[in-house]
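Asks: Sequence and computational prediction follow.
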Amino acid sequence: MENEDEEWIESPTGWGLKEDDDNILIDLFAASDNQKEQLFTYRIHHDADEKTTTSKTVQLRGFKLDSDETSRSTGVTLWQASPRLSDYLQSHPDSCIRDKSVLELGAGLGLCGITAHCLGAKTVVMTDGDTQTLQQMRENVKQNCVENNVVSEAHSHSIIVCKQLIWGSPNMEKFGVQHGQFDTIIGADIIYTQDSVQPLFDTVTYLLKKPAGQFVLSRYSKWNNVADEVVIEAAKLRGLECTRPSDGIFVFCSNTTHQTPSDNMTKAKVGVLADNDDDSSLLIQVSNTLPSLESIQQFLASSSPGCGAVSLFVGITRNNFEGKIVTKLVYEGYIPMALRELRILCHNARVRYPGVERLVAVHRLGECPVGEASVIVGCNSPHRRESMHCTEYLIDELKARVPIWKLEVYEGDEQSIWKENVEWRNGRRWRGMVKMKEDANEPG
């Protein structure tokens, strides 16, 4: 495990570490029974020059599909979607790989990234969140791509590295600063749970070059019954159109007509009103000021004579936290992504609460003194129960997924502290929307 890697594990039944999982991280390969291990062999054909085609035999050390180790950590075996994706890449080297920057998500034992390297990618960055998987991936790359501590002569023009990447904000922003954006993103059987779909496509959208970049996804196993339609819809909401050139292969490309603001990898303090795709039933905003409560109430109450309930949540800066006197909060955020996440959040709220007609999700940036509002969410519906539940869902999800951070400023000599939302821990989303004890310092 490299020094910057964070201990993290992905199993077919969950995503990340539970609070009581700290003692289960062991070296699976060092502790394994050799009979459970398997040496996977795959042959890659590539053009050495215009007239000559050569081949390379790749050998990957991992575990058998039915081993206990695979049930603990999904990336330590070779799933059937990986050879399928590698075959597709070999059939489309010019459009997908050659002389391109390639990012592999959930790279596992490393077959697809190694394939991209052999096919002439300019740069290959293979990633996984799982620290057990990363350890063996690096060994497989070393055995198949590196000779005498240098990249083999046949591929000396190509760079291949293995890095940890846990999907979603803020990890994808940090990764983007270090590695930039990519021509091609690839992944094979990387969707295990419903919860992983949103952060996956957040990451793809953020790290994919526009407009010519493409995300090539191979699916073989439908883990936890996550349907293809769910995956395609998540991509569509982020301006990615899907084509299916062959069985189990999904190619996502940027829809040039989509109105999503362009990605910006720098923090900004000046907000703009979101383009709501001509949907007059949404009020989405991230800026230095908030709309008045009167205007929001009028927005929710007008043009909806069939709605008898309006529900609002207003988050206000408190004057204390754990005995310290708070003088103000200062908010910063990635505005283009925050606006996109708010739009997706409202769409998901409509799916979950179909009776809701109008929705509001607005957040303030910059300084927010004690007693002033920083966030307002709300909706209307025919009956009170649905609007109240929807409003709770809106604020919980906003705090869990929208990339906005706050600086808590204290009175006197107390040091100010930058904080993520409390639904995030160690840079990743905490499973579930349960309020933690740290919530005492949150507005509202």
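Replies: In hand now; what should we look at? Residues are numbered from 1 along each chain as shown.
Asks: Just name whatever secondary elements the strand or helix carrying Arg43 is in contact with.
Replies: Arg43 belongs to strand 37-47 when elements are defined using DSSP states H and E. Applying 3 or more CB pairs under 8 Å, 6 or more residues apart in numbering; DSSP states H and E, one finds that strand 37-47 contacts strand 53-63, helix 81-91, helix 111-118. C-beta here means a position set from N, CA and C on the backbone, and glycine is covered the same way.
Asks: Would you mind finding the most buried of the ones you listed?
Replies: Highest mean neighbour count among those (mean count of other CB atoms under 10 Å): helix 111-118, with a mean of 28.
Asks: With only the CA atoms kept, save it in CSV.
Replies: C-alpha atoms of helix 111-118 as CSV (Å, rounded to 0.1, in the frame of the first residue of the first chain):
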residue,chain,number,x,y,z
LEU,A,111,-6.3,-6.5,-17.4
CYS,A,112,-8.0,-3.7,-19.2
GLY,A,113,-5.5,-1.0,-18.2
ILE,A,114,-2.6,-3.3,-19.2
THR,A,115,-4.4,-3.9,-22.5
ALA,A,116,-4.7,-0.2,-23.1
HIS,A,117,-1.0,0.2,-22.4
CYS,A,118,-0.1,-2.6,-24.9
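Asks: Now do that helix against strand 53-63, angle only.
Replies: Relative orientation of helix 111-118 versus strand 53-63 (axes from the mean of the first three to the mean of the last three CA atoms, to 10 degrees): 150 degrees.
Asks: number of nearby residues for Gly306?
Replies: 9 (other CB atoms under 10 Å).
Asks: on that earlier part again, with distance to Phe215 added, can I get the helices and strands packed on strand 37-47 in CSV?
Replies: Below are the helices and strands packed on strand 37-47 laid out as CSV (distance: least, CB to CB, whole Å):
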stretch, distance to Phe215
strand 53-63, 23
helix 81-91, 12
helix 111-118, 13
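Asks: a markdown table please, covering these and showing distance to Glu241 and mean pLDDT.
Replies: Shown next, in a markdown table, are these (distance: least, CB to CB, whole Å; pLDDT from 0 to 100):
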| stretch | distance to Glu241 | mean pLDDT |
| --- | --- | --- |
| strand 53-63 | 32 | 85 |
| helix 81-91 | 18 | 95 |
| helix 111-118 | 22 | 94 |
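Asks: between the strand holding Arg43 and strand 53-63, how many degrees?
Replies: Strand 37-47 runs at 160 degrees relative to strand 53-63, counting by the same axes, to 10 degrees.
Asks: Please compute how far strand 37-47 lies from its chain's middle.
Replies: Mean C-alpha position of strand 37-47 versus that of the full chain (CA atoms, centre = their mean, to the nearest Å) differs by 30 Å.
Asks: mind listing what that strand pairs with, with the direction of each?
Replies: Partner strands for strand 37-47, per DSSP bridges, with pairing direction: strand 53-63 (antiparallel).
Asks: So what's the gap between the strand it pairs with and the chain middle?
Replies: Between the mean C-alpha point of strand 53-63 and the mean C-alpha point of its chain there is a distance of 30 Å (CA atoms, centre = their mean).
Asks: before we move on, what about stretch 78-97?
Replies: 23 Å.
Asks: ditto for stretch 317-330
Replies: Taking the mean C-alpha point of stretch 317-330 and that of its whole chain, the gap between them comes to 31 Å (CA atoms, centre = their mean).
Asks: and what of stretch 232-252?
Replies: With CA atoms, centre = their mean, you get 16 Å for stretch 232-252.
Asks: now swap in stretch 134-143 and tell me
Replies: For stretch 134-143, the gap between its own C-alpha mean and the chain's C-alpha mean amounts to 24 Å (CA atoms, centre = their mean).
Asks: In CSV, could you pull the C-alpha coordinates for it?
Replies: Taking C-alpha atoms only, stretch 134-143 is exported to CSV below (Å, rounded to 0.1, in the frame of the first residue of the first chain):
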residue,chain,number,x,y,z
LEU,A,134,-4.4,-1.9,-5.5
GLN,A,135,-1.7,-3.9,-3.8
GLN,A,136,-2.0,-6.8,-6.2
MET,A,137,-2.8,-4.6,-9.3
ARG,A,138,0.6,-2.9,-8.8
GLU,A,139,2.3,-6.3,-8.7
ASN,A,140,0.5,-7.4,-11.9
VAL,A,141,1.5,-4.2,-13.7
LYS,A,142,5.1,-4.7,-12.6
GLN,A,143,5.1,-8.3,-13.8
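Asks: pLDDT of it, averaged?
Replies: In this model, stretch 134-143 has a mean pLDDT of 92.
Asks: Just the buried positions in it, please.
Replies: Buried residues in stretch 134-143, counted by 16 or more other CB atoms under 10 Å: Leu134, Gln135, Gln136, Met137, Arg138, Glu139, Asn140, Val141.
Asks: Can you give me the distance of the second one to Cys162?
Replies: When you say that, I think you mean Gln135. Relative to Cys162, Gln135 is positioned 9 Å away (criterion: CB to CB, to the nearest Å).
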